[in-house]
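how would this look folded up:
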Amino acid sequence: MSEQTTDPQAPTGRSVLVTGGNRGIGRAIARALAADGDRVAITNRSGELPPELAELGVLAVQCDITDTAAVDAAFSEVEAAHGPVEVLVANAGITKDTLLMRMTDDEFTAVLDTNLTGAFRCARRASKGMIRLRRGRIVLISSVVGLYGSPGQANYAASKAGLVGLARSITRELGGRGITANVVAPGFVQTDMTAALPEAQQQAYLAAIPAGRFGAADEIADVVRFLAGDGAGYISGAVVPVDGGLGMGH
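Next up is the predicted model:
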């Protein structure tokens, strides 16, 4: 009986793509999955690769997710390097906050085009490879604001709420092919942006959070790791709030 040999050069881990993975929550997700041994690629508009991710062998791909051709080119680059994308984390997003009566059409549609339609473009492109593989994990990064609402953020809240319908429709369409689609809804997370807020404003936000603190990007990443893993194979169409109790699962 002959012994089986393992090719030491054979790729290990899954092919993972994290959009907007160069900073904040996206960077934490990319770092966690790469540390687990996955072959991780990130996209952002500049193609920037943070040094900590470079040390983990992460691939950076320049991509504007509002451009369908750019999304297709980015996926092709990742597929050439890592193989078909098995885990997609749609994290890229923008804000253009202003009160409803002052919000322009462009301010509304620009946020939806990035946060919602951008996620759709990526999920659509990822699904092609996942269907052939008959497996896949799609995780969409929403926000407590998408379920809870927030003054001055009608565009952002609408875009993040739309991700729930997107994930649930993907689940009903592709669930029989071994593909799951779930939503993670972070609350207030400690970032450079929150650290720069006036102290009084930070305290007002903290007072509304039952946990009494802001979240950490790594706490969001841990939930994504679970939903992207084998243990979550029977979870699909779910919305997981990671917000210290702020939204209470609204």
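
remind me, longest strand of this structure?
In the chain, taking DSSP state E as the definition, the longest strand is strand 179-186.

Pull the helix or strand just after that one out as CSV, backbone CA atoms only.
Past strand 179-186, heading to the C-terminal end, the next element that is a helix or strand (DSSP states H and E) is helix 192-195. What follows is helix 192-195 as a C-alpha-only set of coordinates in CSV (Å, rounded to 0.1, in the frame of the first residue of the first chain):
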residue,chain,number,x,y,z
ASP,A,192,-9.9,56.9,15.5
MET,A,193,-13.2,58.5,14.5
THR,A,194,-15.0,57.9,17.8
ALA,A,195,-11.8,58.8,19.7
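
model confidence over helix 192-195, on average?
For helix 192-195, mean pLDDT rounds to 72.

that older thread, averaged over its residues, what pLDDT does the longest strand of the chain have?
Across strand 179-186, pLDDT averages out at 98.

so what does it touch, helix or strand wise?
The contact analysis (3 or more CB pairs under 8 Å, 6 or more residues apart in numbering; DSSP states H and E) places strand 179-186 against helix 118-133, strand 136-141, helix 144-148, helix 154-174, helix 217-227, strand 239-242. For glycine as for every other residue, the C-beta is placed from the backbone atoms N, C-alpha and C.

do you know how far the residue most central in space within the chain is from Gly165?
Centroid check for the chain by CA atoms, centre = their mean gives Asn91 as the closest residue, at 2.8 Å. Plainly put, Asn91 is 18 Å away from Gly165 if you go by CB to CB, to the nearest Å.

Give the residue spans of this protein that score low on pLDDT.
1-11, 193 (pLDDT under 70).

what's the angle between the longest strand of the chain and strand 136-141?
Going by axes from the mean of the first three to the mean of the last three CA atoms, to 10 degrees, strand 179-186 is angled at 20 degrees with respect to strand 136-141.

Would you list the strands that strand 179-186 pairs with, along with their directions?
Here strand 179-186 has these sheet partners by DSSP bridges: strand 136-141 (parallel), strand 239-242 (parallel).

Could you find the closest non-adjacent residue to Leu174?
Nearest in space to Leu174, with sequence neighbours left out and distances taken as CB to CB, 6 or more residues apart in numbering, is Ser127 at 6.4 Å.

gap between the one you found and Gly178?
Here Ser127 is placed at a distance of 12 Å from Gly178 (CB to CB).

neighbour-wise, which of these two wins?
Each of Ser127 and Gly178 has its neighbours counted (other CB atoms under 10 Å); Ser127 has more, 20 against 14.
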